[in-house]
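# Provided below for reference: sequence and predicted model.
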Amino acid sequence: MPTILKSSAKRKSKASPVSRKRAKTVHRTADDLPWKTVSRPRESDLGNGLDGLLELEEVDDVQVVYEETDAGRVIRFKVAGKEDEENSTRVEESVLEEPPFDTETLLPNWHSFNLHPQLCRALYSQKFASPTPIQSQTLPLALKGKDIVGVAETGSGKTLAYGLPILHYLLTQAASLPSFSNSNPRPRRDLRALILAPTRELALQVSSHLNACLNQIQLPPSEQPPEEDIILPNVGKGKSKKNKGKANADKVPVKPKLPPLVSVAAIVGGMSAQKQRRILARGAHSRCDSWALWDILQEDDDLANQIERLRFIVLDEADRMIEAGHFVELDNILRLTLRQSKDDEIEPEPEVGLDATEAEEDSKEGIRDGELQTFVFSATFSKDLQKNLKKHVRLRRKNDKPSSTLDDLLMKLDFRDPKPAVVDLSPVGGVVATLRESKIECLGNDKDAYLYYFLLRYPGRSLVFLSSIDGIRRLLPLMDLLGIAAFPLHSQLEQRQRLKNLDRFKSTPRSVLLATDVAARGLDVPAVDHVVHYQVPRTADTYVHRNGRTARAMRRGFSLLIVGPDERKLVRALMGSLTRQEEIPEMPVELYLLDKLKTRIQLARQIDVAQHRMRKEKHDRNWLKEAAEAMEIELDSDLASELEDEEDVPSKRKRKDADAKTGALKAELKQLLAQPLVARGVSTRYITSGTTSIVDDILAGEHNEAMVGLKRAEAGSDLVAVKKRKPNVKDEFEEWTGFGAS
Ligand SMILES: Nc1ncnc2c1ncn2[C@@H]1O[C@H](COP(=O)(O)OP(=O)(O)OP(=O)(O)O)[C@@H](O)[C@H]1O
């Protein structure tokens, strides 16, 4: 039995003796009863997964009443108060007795926005004392109905910048809906807001971020579900004759739970289509969707109609959407949001600049009541694009061609606001102030050793970006053999596995996520210490977004570029594209230790190759037999004996030899891993002697555990001084436009 404490039950237990006394009997569903976990002595811990048997729950002050109804004998649960119904007050009224949320005192920095008190309560409980700059600049505009194009650095709180105005609107609207009553259960809610995100993880993350605000919501008395009793199967013996032949009381369903006031759901690919339809059928107010939505829309006319009546549409990481190559689906969804009457072509407006006076102009207009409001957010929008957006915003499309550029895409958006506000808070050079960048230049073949060195030298949570899935598949077993906790994340993993790996990464403080750029955008893992670019990214935007997985919400972060000889030009071009004046500093490396690590890596590679060969041989031997078994056919006797022959004595011996060789390599690696890595000049025999004394560091707890003789240090604290870039090199940068970089 799950422990579900509905808000009213919670309040009841907290209520003072006076309000308890005044509380009246309230009917609850079995799940809604105020269950409490039964405490038990520690000795009773059975272990072995049997604990679940002992997770008992109990409930107090509940009266079980049997009642004869037309449907037969039913059980009703009554959460009893002290007084009878006539001279009592509804327990929910204790809500009214609670002081309303005092935003002015508790959240003075949010007060001026006049957000719904329930949202303020949620912000307060999440300890969001002040709005971030993008939130404080966009909120007033959004709340007065402006369409917004928002650009701000990674990790700066863009989700709530668009999420809060949506939730505020929906909560305010919900308050004006008719209240519950037995005769008026809340009707199924329409879809009011659609948030499109480029990756599944991002869609799920946005959904949980917004739900974190909704989870705090306490319903006012008028919005509490009607007092409905749960009808459970008839357990009594005496079924009245009268009811025989009528609807079988045993099958009387439990009344469905009423949906919450506002809900957010994620529709993502890789989830069962049935489950997604169920989510939609329940009627979520607002949801974070991705491409999977289009599949459902094609079969659901009702939902398609709801899209036409949306109140909000959001494109999160809009520039990535066009890269992801899903123009067709996106176009189709956006086309549904067009209003027929507005679909006519409108002459382009004269071009206007993006100066301060314009921002003032922007704030004058807005959408009309009930119209669709559009938010487009990203950390990277080119200035050109913003200008084009301004210039063409009123040029509604007549052409039905799919979008291929961000300009096209934005033009597909049916901005109702004649002058959408562009709020551009992108940092100079594209990098947040709390991020430290560095690079290592090395031979391509040495990248593994440098990565390994970095992970040991600066233990923490590191997100390593690779440009290919094959690269991840190669690196993963090496990490495993070297004893480093590493998890993969790429598009060829099943969705469940992707989420599981992400969770493992989040919950393992010293771990590595080996990811493709599927993880570059939007992912909010608060404690990522380092981002490593195993390969130099192909565009400046990708560099910015990858780096944005660390140094989020004003925390410190570090990024490392591992640059092969053939990538140096690319790095220069990247810096030019970001209009950087200074070179990225070099990360210092103890080359003496690096050589030792190379030996380990070499061994790990040999083991991996040997294991791979063995697996492949086994697979080749077995596949025909397995295929035959799967198809339930018998192999031709000649073929069968041929396969048997392959199992002859010499090949068995060969396999045994190979096994032994791999075992020996593994033992050697194990021995190497067990030996401490000792920095040059350190005596391990007499730890107080040598050129570097390690005793003091050990006593002060400042030593690096994996590398004896090196102090524990934060990545970036020991970077080599930065050189100014040469002017002639700068010219070369400026010519480069990146590989599809905006
Ligand atoms: N007002 C606030 N005060 C403190 N923290 C906040 C506030 N608003 C949001 N955050 C936190 O900041 C973190 C980053 O927020 P969010 O994911 O919205 O950033 P973002 O700008 O969308 O980043 P990206 O561009 O990488 O997608 C989140 O963990 C969020 O909970």
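Cool, got the structure.
# Let me see the ranges of the helices in the stretch 401-550 of the chain.
Ranges of helices within the stretch 401-550 of the chain are 406-412, 447-457, 469-481, 495-507, 540-547, based on DSSP state H, counting those that start in this stretch.
# I'd like to know which of those lies nearest to Ser717.
helix 447-457 (11.3 Å; CB to CB). The C-beta positions use only the backbone N, C-alpha and C, and glycine is treated the same way.
# name the helices or strands packed onto that closest one?
Using 3 or more CB pairs under 8 Å, 6 or more residues apart in numbering; DSSP states H and E as the contact test, the elements touching helix 447-457 are strand 461-465, helix 469-481, strand 530-533, strand 557-563, helix 591-630.
# which of the helices of the stretch 401-550 of the chain is buried the deepest?
A comparison of those by mean neighbour count, using mean count of other CB atoms under 10 Å, puts helix 540-547 on top with a mean of 26.
# Can you lay out the helices of the stretch 401-550 of the chain as JSON lines showing mean pLDDT and distance to Leu463?
As requested, the helices of the stretch 401-550 of the chain are exported to JSON lines (pLDDT from 0 to 100; distance: least, CB to CB, whole Å):
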{"stretch": "helix 406-412", "mean pLDDT": "63", "distance to Leu463": "26"}
{"stretch": "helix 447-457", "mean pLDDT": "96", "distance to Leu463": "12"}
{"stretch": "helix 469-481", "mean pLDDT": "96", "distance to Leu463": "12"}
{"stretch": "helix 495-507", "mean pLDDT": "90", "distance to Leu463": "8"}
{"stretch": "helix 540-547", "mean pLDDT": "91", "distance to Leu463": "8"}
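# can you put these in TSV and add distance to the ligand?
Formatted as TSV, the helices of the stretch 401-550 of the chain follow (distance: least, CB to the nearest ligand atom, whole Å):
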stretch	distance to the ligand
helix 406-412	16
helix 447-457	23
helix 469-481	21
helix 495-507	12
helix 540-547	7
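# Ok, which of those comes nearest Glu629?
Closest of the helices of the stretch 401-550 of the chain to Glu629 is helix 495-507, at 26.9 Å (criterion: CB to CB).
# okay, the angle between the closest one and strand 461-465?
In terms of direction (axes from the mean of the first three to the mean of the last three CA atoms, to 10 degrees), helix 495-507 departs from strand 461-465 by 140 degrees.
# and for helix 495-507, what are the contacting residues?
Taking contacts as CB atoms under 8 Å, 6 or more residues apart in numbering, the residues outside helix 495-507 that touch it are 200-201, 204, 268-271, 461, 463, 487-489, 493, 511-513, 523, 525, 527.
# Pull out the buried residues from those residues.
Neighbour-count burial (16 or more other CB atoms under 10 Å) applied to the contacts of helix 495-507 gives 200-201, 204, 268, 271, 461, 463, 487-489, 493, 511-513, 523, 525.
# Okay, helices next: where are they in the stretch 601-742 of the chain?
With DSSP H, counting those that start in this stretch, the ranges of helices along the stretch 601-742 of the chain come out as 637-646, 649-674, 695-699, 727-735.
# Going by mean pLDDT, which of those helices comes out lowest?
Mean pLDDT is lowest for helix 727-735 among these, at a mean of 40.
# on that earlier part again, quick one: which of the helices and strands packed on helix 447-457 is nearest Lys656?
With CB to CB as the criterion, Lys656 lies closest to helix 591-630 of those, at 11.1 Å.
# Return the list of helices and strands in contact with that closest one.
Here helix 591-630 touches helix 447-457, helix 469-481, helix 637-646, helix 649-674, strand 677-678, going by 3+ CB pairs under 8 Å, 6+ apart.
# out of those, nearest to Leu570?
helix 447-457 (14.6 Å).
# Next one: Ile367 relative to Leu210, how far apart?
21 Å (CB to CB, to the nearest Å).
# Compare the two (neighbour count), which wins?
Using other CB atoms under 10 Å, the more surrounded residue of Ile367 and Leu210 is Leu210, with 27 against 19.
# My guess is that one contacts Thr159. True?
Yes. Contact criterion CB atoms under 8 Å: Leu210 and Thr159 qualify, at 7.4 Å.
# Reformat the helices and strands packed on helix 447-457 into CSV and put distance to Gln675 next to each item.
Formatted as CSV, the helices and strands packed on helix 447-457 follow (distance: least, CB to CB, whole Å):
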stretch, distance to Gln675
strand 461-465, 24
helix 469-481, 16
strand 530-533, 25
strand 557-563, 26
helix 591-630, 9
